[in-house]
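K.L.:
Here is the input, now give the coordinates:
(one chain, ligands or ions: 1)
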Amino acid sequence: MEIEVQNLTFSYGKQPVLQDVSFSVQKGTLTAVLGANGAGKSTLFRCLLGFLTPQAGEIRLSGRPLSAYSRRETAEKIAYIPQSSEPIFNYTVIDTVLMGTTGTMNVLQRPGRRQQEAAMQALQRLGIEALAQRGIGTISGGERQLALIARALVQNAEILIMDEPTANLDFGNQQRVLAQIRALTARGYTVLLSTHNPEHALHYAHRVLALQGGHIAADGPTETALTPQLLQTLYGIQAILAEVPTDRGTVRSLIVTEDME
Ligand SMILES: Nc1ncnc2c1ncn2[C@@H]1O[C@H](COP(=O)(O)OP(=O)(O)OP(=O)(O)O)[C@@H](O)[C@H]1O
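P.N.:
Alright, predicted model coming up:
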């Protein structure tokens, strides 16, 4: 197993956020983490990244306890990809990606040819190599999100943690970014991403992990775990899963049936 979480309990103060949470994630899979606002998705991610220390329980990455990893080893194993927002500095795309290599270098080292090549390769893998010399503030939100993913790829981490990677993206870029993320799992990357859009989980995720009230409300393959009952439990919304015929076969789609009047 790439990630194993056993009886994880975390609270910021007296208020427990995660209680006795256990799950495991296989290598090369895309897991969509669902849950209402405040359900604990980011908290779970911060625990997995070693930013927060749980009060109880254990996290294992590739069979080894996270607590046994040094900071550098953690950075080489697991990378965090934040939401794409307006950047403060207008670094070039390639320099932004190169920042991902700093964890693998000494403090005084500057990126060399090997790092430059790795950065270009990551841009190529995501189809945005033509943007290498553009300022990160002059490209679109979707392109910037892909650049942030490229930065995580050069970190050489096999596990990618993404906080709502499609927030702020238009409809087309949401699909393009998710398709690129899904393609990474076919290359052996393990991805956990949070999303507020269950359709994204339905179409792109191998697995769904849903949090509610500090506990796991669902955990399993998307086909079986993502049900109308789960959406009712998580969001208090009535929906049905419809089988829609398309020219590439039947596709499942969520339709909200709740009367919002
Ligand atoms: N630094 C903090 N100090 C105290 N409480 C916090 C802190 N960060 C989060 N919380 C609380 O912990 C709970 C879980 O927050 P978390 O950010 O993990 O939820 P989330 O599922 O990521 O939410 P969202 O979907 O709104 O981003 C919330 O009740 C939140 O108010």
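
K.L.:
Can you name the residues that contact the nearest residue to His206 once chain neighbours are set aside?
P.N.:
Leaving aside its chain neighbours, His206 sits nearest to Thr29 (4.4 Å; criterion: C-beta to C-beta, 6 or more residues apart in numbering). For every residue, glycine as well, the C-beta is placed using N, CA and C. For Thr29, the contact set (C-beta atoms under 8 Å, 6 or more residues apart in numbering) comprises Thr185, Thr190, Val191, His206, Arg207.

K.L.:
Touching, Val5 and Gly57? I think so.
P.N.:
Yes - the pair Val5 and Gly57 passes the contact test of C-beta atoms under 8 Å, sitting 7.0 Å apart.

K.L.:
Spell out which residues are contacts of both of these two.
P.N.:
Jointly contacting Val5 and Gly57 under the rule C-beta under 8 Å, 6+ apart are Val21, Ser22.

K.L.:
who has more neighbours, these two?
P.N.:
Val5 (23 against 17; other C-beta atoms under 10 Å).

K.L.:
now the more buried one, what's its secondary structure?
P.N.:
Each residue gets one of three states, and Val5 gets strand by DSSP: H, G, I helix; E, B strand; the rest coil.

K.L.:
Repeat that for Thr9.
P.N.:
The three-state label for Thr9, taken from three-state DSSP, comes out as strand.

K.L.:
The longest helix belonging to the chain: which residues count as buried?
P.N.:
Using DSSP state H to assign secondary structure, the helix with the most residues in the chain is helix 171-186. Within helix 171-186, the residues that qualify as buried by neighbour count (16 or more other C-beta atoms under 10 Å) are Asn173, Gln174, Gln175, Arg176, Val177, Leu178, Gln180, Ile181, Leu184, Thr185.

K.L.:
Of these, which are in range of the ligand?
P.N.:
When C-beta under 6 Å from any ligand atom is taken as the criterion, no member of those contacts the ligand.

K.L.:
Can you tell me which of those lies closest to Arg46?
P.N.:
When those are ranked by distance to Arg46 (C-beta to C-beta), Ile181 comes first, at 20.2 Å.

K.L.:
Nearest spatial neighbour of the closest one, chain-adjacent residues omitted?
P.N.:
Leaving aside its chain neighbours, Ile181 sits nearest to Val191 (5.8 Å; criterion: C-beta to C-beta, 6+ apart).

K.L.:
for that neighbour, phi and psi?
P.N.:
Val191 has phi and psi values of phi -120, psi 130 when expressed as degrees, to the nearest 10.

K.L.:
Bridge partners for Val251, pull those for me.
P.N.:
Beta-bridge pairing of Val251, defined through DSSP bridges, involves Val244.

K.L.:
number of nearby residues for it?
P.N.:
With other C-beta under 10 Å as criterion, Val251 counts 12.

K.L.:
Which of the buried residues of helix 171-186 sits closest to the ligand?
P.N.:
Each of those was checked against the ligand using C-beta to the nearest ligand atom; the closest is Gln174, at 16.8 Å.
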